[in-house]
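Trainee: After the sequence you'll find the predicted model.
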Amino acid sequence: MGAFLLEIAANSLASALAAQDGGADRVELCENLGEGGCTPSFATIALAREKLRIPLYVLVRPRGGDFVHSELEHGLMLRDIENCVRLGVDGVVIGALDADGEVDAASCRELITAAGKLGVTFHRAFDVCREPARALERIVELGCERVLTSGAAGDALAGAANIAAFVQQAGARIAVMAGAGVTPRNIGELKKTGAREFHASAKALQVGAAQRALPGLSAGHWQTDAVIVRALKQALDG
C-alpha cells in the first residue's frame, strides 16, 4: 500500500471482486448506490469476506434519505453490526444525525460499542451537518478512524477547498477521505487537498445478456469496473 489509499464503494459481490482485481486498497461494501448506499445482504457480506484479500468495510445504513433514524432503524443497525462482527469484516461505516443537523453522539456511540474492535468510518452524513467544523470535533471524540466527505458539496472537486480545511482541522487525529464524483481525471487535483484517502465507485454500466427488458426496467446494471479502478490507482500513485 502506497502513500495514498483508494477505497472502492462496491455495490455487489462482483463489484467488490472487480475492485480487488483493479488494485483497490479497501472495499466499502454496500447496495443501492442510487440512494447513496444501504446495508448489503448477509450473504453478500459473508461471500465478500470469504473471497476478498483486501480490507473489507461494510456500510451500515438501513435506508436512503436522511440520517435521522428511528428507534426501529437504530435496532436494525445494531443487529447488522453484530452480523459484521460475527463474519469477521475489518470495519463498518456508520453515521447518525439528530433533527437539528448535529451528530447524534449517543446513537453513534452505541453503534461503535457494538462494533467492538472493528474499524469505524463516519460516512457522508457529515456533509449535511449544520456546522461541519463542530461535527468533525464530535466525530473525533467518538473515536472514528476516518470521515468520508465531499466537502459538503455535490462532489469532491466542488468541495475541494472545504476538504482541504477539514484536513487541516483534523491533523493527525482522524483521516479525512475525499469522495463523491472521484474519477481518474480529477483525482490528481483532489490530492492537492492534502487528503491521503480517496473513495470512488469506479462503476460502469454492464449490459445484461437478456434479449428483452421489461418496460421501465434497465437492460443493464451498474458495477465496479476493474479497468477504472486501475486507472484511479495509476493516477493516484503517479
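Mentor: That came in fine, so what should we check first?
Trainee: what about the strands in this structure?
Mentor: Remark: strands assigned in the chain by DSSP state E are 5-10, 26-29, 56-59, 91-94, 119-122, 146-149, 175-179, 197-200, 203-207, 220-224.
Trainee: helices or strands next to the third one in the packing?
Mentor: If you count contacts as 3 or more C-beta pairs under 8 Å, 6 or more residues apart in numbering; DSSP states H and E, strand 56-59 packs onto strand 26-29, helix 42-51, strand 91-94. C-beta here means a position set from N, CA and C on the backbone, and glycine is covered the same way.
Trainee: Report the distance from the longest one to the chain centre.
Mentor: Right, the one you point to is helix 42-51. Relative to its parent chain, helix 42-51 has a centroid offset of 17 Å by C-alpha atoms, centre = their mean, to the nearest Å.
Trainee: what angle do the longest helix along the chain and helix 42-51 make?
Mentor: Using DSSP state H, we find that the single longest helix of the chain is helix 71-87. Orientation check (axes from the mean of the first three to the mean of the last three C-alpha atoms, to 10 degrees): helix 71-87 against helix 42-51 gives 30 degrees.
Trainee: so how many other residues sit close to Phe166?
Mentor: Using other C-beta atoms under 10 Å, Phe166 has 25 other residues around it.
Trainee: related to what we said a few turns ago, turn the strands of the chain into CSV, including mean neighbour count, mean pLDDT and distance to Asn83.
Mentor: CSV is the format used below for these (neighbours: other C-beta atoms under 10 Å; pLDDT from 0 to 100; distance: least, C-beta to C-beta, whole Å):
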stretch, mean neighbour count, mean pLDDT, distance to Asn83
strand 5-10, 27, 98, 18
strand 26-29, 26, 98, 12
strand 56-59, 25, 98, 9
strand 91-94, 24, 98, 10
strand 119-122, 22, 98, 16
strand 146-149, 26, 98, 22
strand 175-179, 25, 98, 24
strand 197-200, 24, 98, 23
strand 203-207, 14, 90, 25
strand 220-224, 18, 90, 23
